[in-house]
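Engineer: A structural model of the following input is requested.
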Amino acid sequence: MADPIVALLGDKVQGKDGEVQVSSLRKEGVLGLYFSAHWCPPCRRFTPQLAEWYGKFKKTSNGDKFEIVFVSSDKSEEDCEGYYKDMPWLVLPFSLRAKKEELGEKYQVSGIPTLVFIDSQTGDEITTKARAIVGEDPEGKKFPWK
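Structural biologist: Numbering: from 1, shown residues only. Okay, here's the model as predicted:
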């Protein structure tokens, strides 16, 4: 059986220290897909809030069961890389524009910023309104938000 997370994201995403095998993200837990872009003022306001929440959540007992992948809507690879430098999570390689479009369609992303939480084993949608979780569950106590 094909790995559903690899089917969604491809074989590799980029981390701060190099490439990360997507198959390593397939564990019991939640994967966030963060659709955003540097040119988007609401995105630039939300990204620091998300980064702070992410940092706190990663220190909890469930932190190892959660990851985020930035899915860029930037217009160039340089813009994507410049925006990503302030993010503590992973990024879908900018060159995978077709994957970005597939993800946007699958999870019905109609505007940014959008944060989608999916089951990290199956790829099944948990919520497309995960931005609200950042404000409503600041300590992540309702993990896995199902």
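
Engineer: could you point out the longest helix in the protein?
Structural biologist: When every helix of the chain is counted residue by residue (DSSP state H), the longest turns out to be helix 41-58.

Engineer: Quick one: distance of the next helix or strand along the chain from that one to the chain centre.
Structural biologist: Proceeding N to C from helix 41-58, the next assigned helix or strand is strand 66-72, under DSSP states H and E. Mean-position distance between strand 66-72 and its chain equals 2 Å (Cα atoms, centre = their mean, to the nearest Å).

Engineer: just to revisit the earlier point, which strands or helices does the longest helix of the chain pack on?
Structural biologist: In terms of contact count using 3 or more Cβ pairs under 8 Å, 6 or more residues apart in numbering; DSSP states H and E, helix 41-58 is assigned the packing partners strand 30-36, strand 66-72, helix 130-136. C-beta: built from backbone N, CA, C; applies to glycine.

Engineer: wait, which of the ones you listed is closest to residue 7?
Structural biologist: With Cβ to Cβ as the criterion, residue 7 lies closest to strand 30-36 of the helices and strands packed on helix 41-58, at 13.0 Å.
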